[in-house]
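Engineer: have a look; sequence and predicted model below, questions after that.
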Amino acid sequence: MKFYIATDHAGYALKDFVKEYLASKGHEAVDLGPDSDTRVDYPDFAQKCAHAVVADTGSFGILICGTGIGISIAANKITGIRAALCHDAYTAAMSRAHNNANILAFGERVVGKGVIESMIEAFCETTFEGGRHAGRVNKIEGCVYSQ
Ligand code: RB5
């Protein structure tokens, strides 16, 4: 599988770890930055990754910030992106099986390296179930929610 990876400063320390883990499992990892832990704004890197995933059919993304919250919210503003903020292998697997997630997001301040490996493995090994879930996922793209 091909992954585009981006973080903010609070996720930067995990970027090389994730790239090495992906490579060890035979996956391709494209690093979209940042290049240091200098403070940056997570929406900028969320959008970079989201646009790359949308433009490259069949690719996936991994986004990391302090909590995973801001960077996943920002990515989900891009049409065609389904970024899932995950905390364990179960949520990572379900994000693929039921939500057809194309970006896995998590927080460097929230999960440890063992959990990260298990989330990535679950995300990679689980396929979208389609069926009743497909209709729901399609509604996400077309829906304008009223308050
Ligand atoms: C940065 O301090 C932090 O706010 C950011 O990484 C993220 O957790 C936001 O959701």
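Structural biologist: Yep, it's here.
Engineer: CA atoms for contacts and neighbours, from now on please.
Structural biologist: Noted.
Engineer: quick one, strands of the chain?
Structural biologist: 2-7, 28-31, 60-65, 83-85, 103-107 (DSSP state E).
Engineer: could these be laid out in TSV, adding mean pLDDT, distance to V115 and mean neighbour count?
Structural biologist: Output for the strands of the chain, formatted as TSV (pLDDT from 0 to 100; distance: least, CA to CA, whole Å; neighbours: other CA atoms under 10 Å):
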stretch	mean pLDDT	distance to V115	mean neighbour count
strand 2-7	98	18	26
strand 28-31	98	19	17
strand 60-65	98	14	28
strand 83-85	98	13	27
strand 103-107	99	10	28
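Engineer: the ones you listed: which one's closest to A97?
Structural biologist: strand 83-85 (11.8 Å; CA to CA).
Engineer: parallel or antiparallel, which strands does that closest one pair with?
Structural biologist: In the sheet, strand 83-85 lines up against strand 103-107 (parallel) (DSSP bridges).
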